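Enquirer: Sequence and predicted structure are below.
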Amino acid sequence: MPPIARPQRADARRNYDRLIAVASEAVAERGADASLDDIAKRAGVGPGTLYRHFPTRQHLLDAVFHERIVLLRDEAARLVEGEPDPVAALEAWLRAFIEHLRRYRGLSDALKAIYDKDDELMIGAHDMLRWSVGTLLTRAQKAGVARTDIDGSDLLRIGHGAGMVVEPGPAGDERAERLIRLLMDGVGTTTKA
């Protein structure tokens, strides 16, 4: 089920954006079962406004997931344009990807329980992630600082594993850092100390 299209009126668009932002935080804090009434209240709108934008919890979760993946894609594009060091750009994106998985683990689990890998939402997300990591990896490979016998799918799988096994929050930060260093060493690059 694809996310509902963004509304066109300025006030409705602001409400939509605020609901997505608040829902993203609520899902990161409490998982996919976060209270919809609490989300509406924290966004400063009534429950009716939430349900006009998102008729069901699933519509809201789909929109949050889609928004988070778009942010990862946009981060890759920003790094390609703004970070001259291809190794630093790839590492920064992998950090963002792994942190996304750590924070939104409950969302991923909830969506996997509903959708299979051939669903339009999942295909679109996977395509954006493949483009993101593939663009950054190819840039590093062309610069001669990354192995050429790996591809973006390899990095997504390894990054996914790291993101799913390291607990969210400060307790997992040290382990996440260690796994990122190992991942970057495996790419044939080194992290900055």
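Expert: Nice, I can see it.
Enquirer: Return the helix or strand in the protein with minimum mean pLDDT.
Expert: helix 105-114 (a mean of 80; mean pLDDT, DSSP states H and E).
Enquirer: so how far is it off the chain centroid?
Expert: Taking CA atoms, centre = their mean, to the nearest Å, the mean C-alpha location of helix 105-114 is offset from the chain mean by 13 Å.
Enquirer: counting contacts, what elements does that helix pack onto?
Expert: Packed against helix 105-114 by the contact rule (3 or more CB pairs under 8 Å, 6 or more residues apart in numbering; DSSP states H and E) you find helix 10-30, helix 57-82, helix 152-165. All C-beta atoms are positioned from the backbone trio N, CA, C, and that covers glycine.
Enquirer: Mind putting the ones you listed into JSON lines with mean pLDDT and mean neighbour count?
Expert: Converted to JSON lines, the helices and strands packed on helix 105-114 look like this (pLDDT from 0 to 100; neighbours: other CB atoms under 10 Å):
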{"stretch": "helix 10-30", "mean pLDDT": "92", "mean neighbour count": "17"}
{"stretch": "helix 57-82", "mean pLDDT": "95", "mean neighbour count": "18"}
{"stretch": "helix 152-165", "mean pLDDT": "93", "mean neighbour count": "17"}
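Enquirer: closest to Gly134 out of those helices?
Expert: helix 152-165 (3.6 Å; CB to CB).
Enquirer: so how far is the following helix or strand past the closest one from its chain's centroid?
Expert: Proceeding C-terminally, helix 152-165 gives way to helix 170-187 as the next helix or strand, assigned by DSSP states H and E. From the chain centre to the centre of helix 170-187 is a distance of 18 Å (CA atoms, centre = their mean).
Enquirer: counting contacts, what elements does helix 170-187 pack onto?
Expert: Helix 170-187 packs on helix 86-103, helix 152-165, going by 3+ CB pairs under 8 Å, 6+ apart.
Enquirer: Tell me the buried residues in that helix?
Expert: Neighbour-count burial for helix 170-187 flags Ala176, Leu179, Ile180, Leu183, Met184, Val187 (criterion: 16 or more other CB atoms under 10 Å).
Enquirer: re earlier: nearest to Gly106, of the helices and strands packed on helix 105-114?
Expert: That would be helix 10-30 among the helices and strands packed on helix 105-114, by CB to CB, at 6.7 Å.
Enquirer: so Leu179 sits right up against Ile98, yeah?
Expert: Yes: using CB atoms under 8 Å, Leu179 makes contact with Ile98 at a distance of 7.5 Å.
Enquirer: Between the two, which contacts overlap?
Expert: The contact sets of Leu179 and Ile98 overlap at Ala162, Val166 (CB atoms under 8 Å, 6 or more residues apart in numbering).
Enquirer: can you list contacts of the least confident helix or strand of the chain?
Expert: In contact with helix 105-114 (CB under 8 Å, 6+ apart) are residues 27, 30-33, 58, 61-62, 64-65, 68, 101, 121-122, 163-164, 168.
Enquirer: Let's see that with 10 Å instead.
Expert: Outside of helix 105-114, the residues within contact range by CB atoms under 10 Å, 6 or more residues apart in numbering are 1, 23-24, 27-34, 57-58, 61-62, 64-65, 68, 100-101, 104, 119, 121-122, 125, 160, 163-164, 166-168.
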